[in-house]
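Q: Coordinates for the following, if possible.
(chains A and B)
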Amino acid sequence: MTVVKTQGLSKAFGGFKALDGVDIEVKEGEVFGFIGPNGAGKSTTLRVLLGILKASEGSAEIFGKDVWKDAVDIHKRVAYVPGDVNLWPNLTGGEVIDLFGRLRGGYDKKRRDELISRFGLDPSKKCRTYSKGNRQKVALIAAFSADADLYIFDEPTSGLDPLMERVFAEYVQEAKSQGKSILLSSHILSEVEKLCDRVAIIRKGRIIETGTLKEMRHLTGSLMFIETAQPIPDLAELRGVHRVEPFDGGWSFQVDSDELDVVVRHVSAFGLKRMESRPPTLEDLFIRHYEETETGAGGGV
Amino acid sequence: MSQLFDHTWSLMRFILRRDRIRLPIWILSFAFVSAGVVLVFENLYGDDVERQALSETMENPAMIAMVGPNYGGADYTTGAMTAHEMLLMTAAVVALMNILLVSRHTRGDEEEGRLELVRALPVGRLSSAAAVLGVLAGVNAFLALVTGISMAALGVDSVDLHGSLLFGAALGATGFFFAALTIVLAQLTQNARATTGLSIAALLAFYMIRAIGDVMSEPLALTSPLGWILRAKPYIENEWWPVGLSIGLALALSALALYLNSIRDHDSGFLPTRAGRTTASSMLQGTFGLAFRLQRTSLIAWAVAMFILGASYGSVLGEIESFFDDIELFQQLIVQQAGFSLIELFIPVLSSVMAILASIPAIMVVLKIKTEEKNERMEHLVSRSVSRVRLVFSYWLLASLTAVTMLAMTGLGLGIAGNSVLEDSLSFNTYLGAPLAYLPAVLVMIGLALAFIGFWPNIASFLWLYLGVSFFVVYLGELLQLPEWVEKLTPYGHIPAIPLDEVNYGVLVLMVVIAAVLALAGAYGFRRRDLQN
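A: All right, here's what the predicted structure looks like:
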């Protein structure tokens, strides 16, 4: 079942098109990662999904309901943590967590206390004294103590230390195992790689790639390293070979999956001494997408 | 040892650079207002008889509590009048300026982590505190001179150079005393807000001690810096010892502050910080509770201020008759009508002014929506199951309750103080009815504020301009003999003068309807637009 679905979602601020036809689909029980650099439109998309901004064109639905018209209904089943958590300086963290719980219409007190101790937050301090990480914890505790069906996180761990990142990951896994859906945006790719089932890459307000990591890896192919007895003069010119760079006395490059057979046959004629291959990390995919589209479009972000 | 103060001079220059606009504005406004008041008094009260009459109206406990004893009462010259009516209030504002400046440059910088950057440079441990003290000593000295000279330069006979310099020095010395006091308190508390809060509380306490002392016991008044500074009696006896006392104590406090600063850790204070609530109270249930909680302190302060405003008008009600006979200005302000006492004529005039002032907190409540939105805190509410209409309604309700409370507080102050000075006391219905009649007008302003929030949030501040124009038109309309229609441009101009006019309920109902339509339009607009940040 589809939990979140957008079609041709666009948002213009004056003349500037922040979103230009975004299509994403989050299925029930999956962790969906939304990646892209700053200013690509991640937060704008999430804010449209939450009915904070109104879409200029296209449709966006959560639980099959319109995100703008039925916002209040939808929010009863959604928990959201913004990227930049700003809180009221004169309220304490504990007060804010309770207020958020009540505004959602009920939350689990015991779970709230458990979360506070797991995240190591002092709830008796005023929000003005909290660091960015602590403000983020307040929002995360409020979100996880809510019994939501969909969790939306905007760069949830950008202020957390590595230990707290792990706590966060555990709660995400727990929510997933209970059949809940999670939509999280990030530019920390290792985190997305660990947590997410499917990923969408956004660039300048457009989705340029969606799929599981496996599918994306297949599209991108493998990363190879070879060392040969004789030099290979035309390596860079071979079809399906990208990003050829000298490395440790040999060459490293990327090979498209469907050309892999041809390339390996070709290079083996030069007297292979060493050959290694590994699947690309999300970072490799990301960088490659950006470099390609950038040189193709001739413009930077 | 000398290393403690390394680079104090550079830091002083840095503070002056940062405040190169703020400081001249503060100093010039004091000079401008003080000199302006002298001119106004000189021109408003043409002769000795008028001034003497006014002096007599000042000889009551309420006025003494408010502005201090009337030392020049026997010969109420323009100079004596300025010293009596202006010295205390101006000194209190100078003290406030010093509190804000010191808090900003000490705890403010420390809290934001800016001081840490400075401390990591090769500067002395006490340099930054010493630099703040040095700059403020200079600022207050300069303020004293500029104010004194501008007042003397007007060439008013009774406002001579000696008296003017003393008047200025009294302001500057009080300012420096509070600067030093604030820097001591900055060592005790742990953040800028607490420093400012505690210092302002001290200022208010000193004001109250002086008020009680001036009315009941001279020695008590002398324990307050605001009390002893009044004993300088500029233009009358020209005593310099209070100025010396303030400066001497300020220096002692400065030394104490530097000592405390040297023995404490960066970012810490001597007063323990109280742990806050770990859970929300039952008040903080939803959007209304939150809206109230966020503005609670400021609303309470406004309610007290409104009461004091009403009470200060009330305290002069007993003198209305003599005001009216002696002072031409009042004859223009109030048109006499048969069948009503002067006081009954006066109350509606007061009420219109108080109603406009009482609108300020109500409008502020609505405009808080914009602040919350800009600071990205509205997002937390809207992303939960809170409809935007409910959000707007909460703020509207709080603003309306604020309006009722504030209007009632002015009436209550007016009544309590008025009846304590009047021989024949009036019924509280009169006192409360006149300001509360303005409720529809305030509701229209609240509705207008919501409409701005809904459709043009970025220019919502224009409402203050409209309120300012309303004040001008309503207050000075009679005086400047503006045509009737000008007064009708503001909602306040449509309110009947109770108890004089026949109440036209049709108009009042129409205003309430307009207010409701504006508020609903605002809610509609807010519902269909993007949240901004």
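
Q: Just give me the neighbour total for A:Val167.
A: 19 (other CB atoms under 10 Å in any protein chain shown). All C-beta atoms are positioned from the backbone trio N, CA, C, and that covers glycine.

Q: host element of it?
A: helix A:162-177 (DSSP states H and E).

Q: Where does pLDDT dip in the chain?
A: Here I'm looking at chain A. Scanning chain A with the threshold set as pLDDT under 70 gives A:219-220, A:292-301.

Q: oops, chain B please
A: In chain B, residues with pLDDT under 70: B:1-2, B:322-338, B:478-480.

Q: Show me what from it comes close to chain A.
A: Residues of chain B lying near chain A by CB under 8 Å from any CB of the partner chain: B:191, B:193, B:275-281, B:284-287, B:289-290, B:293-294, B:375-377, B:379-387, B:528-531.

Q: Buried among those residues? Make that a ChimeraX selection.
A: Listed next is the ChimeraX selection for buried residues among the residues of chain B next to chain A, using 16 or more other CB atoms under 10 Å in any protein chain shown:
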select /B:191,193,276,277,278,279,280,284,286,287,289,290,293,294,376,377,379,380,381,382,383,384,385,386,387,531
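
Q: returning to that earlier point: ok, and what's touching the next helix or strand after the helix holding A:Val167?
A: If you walk from helix A:162-177 toward the C-terminus, the next helix or strand you reach (DSSP H and E) is strand A:181-186. Residues from elsewhere that reach strand A:181-186 (CB atoms under 8 Å, 6 or more residues apart in numbering or on different chains): A:3-4, A:26-36, A:42-43, A:45-46, A:49, A:83, A:149-157, A:172, A:175-176, A:192, A:195-196.

Q: what are the ranges of the helices in the stretch 201-350 of chain B?
A: Counting by DSSP state H, counting those that start in this stretch, the stretch 201-350 of chain B has these helices, from start to end: B:218-221, B:225-230, B:241-263, B:287-314, B:320-326, B:328-333, B:342-374.

Q: Please, where are all the strands along the stretch 151-300 of chain A?
A: A:181-186, A:198-203, A:206-212, A:222-228, A:241-247, A:250-255, A:272-278 (DSSP state E, counting those that start in this stretch).

Q: which neighbours does the fifth one have in its sheet, and in what orientation?
A: Read that as strand A:241-247. strand A:250-255 (antiparallel) (DSSP bridges).

Q: Now do the buried residues in the strand it pairs with.
A: If you call a residue buried by 16+ other CB under 10 Å, then strand A:250-255 has these buried ones: A:250-251, A:253-255.

Q: Against which helices or strands is the helix or strand B:Leu412 falls within packed?
A: Per DSSP H and E: B:Leu412 is located in helix B:388-421. Using 3 or more CB pairs under 8 Å, 6 or more residues apart in numbering or on different chains; DSSP states H and E, the elements in contact with helix B:388-421 are helix B:61-67, helix B:287-314, helix B:342-374, helix B:378-382, helix B:428-436, helix B:439-455, helix B:505-528.

Q: distance between it and the chain's centre?
A: 18 Å (CA atoms, centre = their mean, to the nearest Å).

Q: cool, stretch B:293-304 as well?
A: Chain-centre distance of stretch B:293-304: 14 Å, with CA atoms, centre = their mean.

Q: Likewise for stretch B:207-217?
A: 20 Å.

Q: do stretch B:133-142 as well
A: For stretch B:133-142 - counting by CA atoms, centre = their mean - the centre lies 24 Å from the chain centre.
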